[in-house]
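> Output the structure for:
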Amino acid sequence: MATIGDRHYVEIPGDRLHELPPLLLPALPQARRTSKTLQDATQLVEAEEMLPLSGADSAEQQSRKFDLALQLVQQYQVFVDHWRAGESILEWIRQCETTFEARPELRPLLKPDLWPHAGRSSFVTLLKDKAVDVEGIAPEEAVGLRLTFRQPPPLRYCSDQFLLYLNPNLAVSAYAVWARLTPEPVSSLPPERFTFQVCHV
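As a prediction, the model looks like this:
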């Protein structure tokens, strides 16, 4: 086992560069149902009483409500895009596990009863070590969102607090719990020994 700083890395026999399956990230946001989403956001603004009562005239109040609804739609669309990235990463991890199982020199690395060993979270760390851009979000946050929701809930089921403040914290917490499911200590995969393509599809 190699140690660099406070990180431990599994040792892989030989000097072969191992090719992993490609990471298939969503290329473009899915088609939006903007009018329906905007309608849901407007109802959310009203239901949560997000606008304080003021002396503003009706037209100004409507304008503020519309602006706030647009912000919520934007936040919701970012949430969905990040969820989709997390879905792609989890599928990639499953494919990597299959690849490890098929190669005798890699198979022991994921066995929790052997030490040192890697875990599913080691693949997320590998993405970070390789500086893979995942929709502008940290990979662990994307995975955390996917772990929290099997499907992204419609906007009408989200609170304004979740959309504006809570979802990054929720994602990080979900990821941390998931990462701890692999028995400690979990070692990292040496990034110089692996290669893979990142494709936007």
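> hey, where'd the helices end up in the protein?
Taking DSSP state H as the test, the helices found in the chain are 34-47, 58-102, 120-129, 139-148, 160-161, 167-179.
> any idea how far the most centrally placed residue in the chain is from F162?
With distances taken as C-alpha atoms, centre = their mean, A142 lies nearest the centre of the chain, 0.7 Å away. Taking C-beta to C-beta, to the nearest Å as the measure, A142 falls 16 Å from F162. The way it works is simple: take the backbone N, C-alpha and C, and place the C-beta from them, glycine included.
> so where is the protein shaky, pLDDT-wise?
1-5, 28-34, 46-57, 114-115 (pLDDT under 70).
> Check the spacing between E192 and L72 real quick.
Taking C-beta to C-beta, one finds E192 at 44 Å from L72.
> who's more crowded, the two?
Taking neighbours as other C-beta atoms under 10 Å, E192 and L72 compare with L72 leading, 23 against 11.
> Skipping its backbone neighbours, what lies nearest the more buried one in space?
Counting by C-beta to C-beta, 6 or more residues apart in numbering, L72 lies nearest to A41, which is 4.1 Å off, once chain neighbours are set aside.
> That neighbour contacts P154, correct?
No. Taking contacts as C-beta atoms under 8 Å, A41 lies outside contact range of P154: 10.9 Å.
> Looking at these two, which one has more neighbours?
More crowded of A41 and P154, by other C-beta under 10 Å: A41, with 27 against 12.
> which residues does that one contact?
Applying C-beta atoms under 8 Å, 6 or more residues apart in numbering to A41 gives the contacts 68-70, 72-73, 76, 155.
> same deal with G86?
Counting by C-beta under 8 Å, 6+ apart, G86 has contacts 141-147.
> Name the member of those residues with the most neighbours.
Most neighbours among these, by other C-beta under 10 Å: V143, with 31 neighbours.
> Go ahead and confirm that residue touches V177.
No. Between V143 and V177 there is no contact under C-beta under 8 Å: 11.5 Å.
> Fine, thanks again, bye for now.
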